[in-house]
Structures are given as C-alpha cells and as structure tokens.
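A.B. asks: please work out how this folds:
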Amino acid sequence: MITAQEQDVGSPISNAAYNVIAALQAKLEGMEAYRKYQQSGNADLWQRLTELDVEAVSVLSQELERLVQQGELRLRRPGQTG
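C.D. replies: Next up, the predicted model:
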C-alpha cells in the first residue's frame, strides 16, 4: 500500500521531459569535452564529432520545445503520473 507521503516523492516533471533534458545535458557536456580534447590534437576528429552532436542537440531541443508546447513540462506534485 502506498502512503500519502510516498506519493509526494519523485520528479515534478514527466519521465519523457526528464529523459530529453538528461540526454540534452549529456550531449552538451560531451561537446564541451570535445572542445577541450581538440586542444590536445586531432582537431578534425573532435570537429567531426561536434558536428554530429550538433544534429542530436537540435533534435533534442525540438523535442523539448514540443514537450513544453504540449504542457508536459509543467510542474506537478512529485509522484503524480500523467
């Protein structure tokens, strides 16, 4: 049986929104790492990987915008679904 206190635990945003935000954050961190690695050499490799990740960041940003427009990013009481 779930108590009232247990229902108040969890993320105040949907899993879908959380997943997109987490993936976007990971991509952006990776791109920052590429910038640092580029200084050590093989700039072409890091530039190419950056270009590939720019596309992924674009797709994730568009999905985040869609989630916002559909109201799926609205804060709700932690533990609620839907």
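A.B. asks: now residue 57: which helix or strand?
C.D. replies: helix 43-69 (DSSP states H and E).
A.B. asks: hmm, I was thinking of residue 37
C.D. replies: Counting by DSSP H and E, residue 37 is part of helix 15-38.
A.B. asks: returning to that earlier point: flag every buried residue along the helix holding residue 57.
C.D. replies: Going by neighbour count (16 or more other Cβ atoms under 10 Å), the buried part of helix 43-69 is 46, 49, 53, 57, 60, 63, 64, 67. The way it works is simple: take the backbone N, C-alpha and C, and place the C-beta from them, glycine included.
A.B. asks: of those residues, closest to residue 28?
C.D. replies: Ranked by distance to residue 28 (Cβ to Cβ), the buried residues of helix 43-69 are led by residue 57 at 6.7 Å.
A.B. asks: residue contacts, the closest residue to the closest one other than its chain neighbours?
C.D. replies: Nearest residue to residue 57 in three dimensions, chain neighbours excluded: residue 27, at 5.2 Å (Cβ to Cβ, 6 or more residues apart in numbering). Contact analysis of residue 27 by Cβ atoms under 8 Å, 6 or more residues apart in numbering lists 53, 56, 57, 60.
A.B. asks: could you rerun that using 10 Å?
C.D. replies: Listed by Cβ atoms under 10 Å, 6 or more residues apart in numbering, the contact partners of residue 27 are 52, 53, 54, 55, 56, 57, 58, 59, 60, 61.
A.B. asks: got it, and residue 31?
C.D. replies: Counted by Cβ under 10 Å, 6+ apart, residue 31 has contacts 46, 49, 50, 52, 53, 54, 56, 57.
A.B. asks: quick revisit: tabulate the buried residues of helix 43-69 (a markdown table), appending pLDDT and distance to residue 17.
C.D. replies: Below are the buried residues of helix 43-69 laid out as a markdown table (pLDDT from 0 to 100; distance: Cβ to Cβ, whole Å):
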| residue | pLDDT | distance to residue 17 |
| --- | --- | --- |
| 46 | 96 | 30 |
| 49 | 96 | 27 |
| 53 | 97 | 21 |
| 57 | 98 | 16 |
| 60 | 98 | 11 |
| 63 | 97 | 9 |
| 64 | 96 | 7 |
| 67 | 94 | 5 |
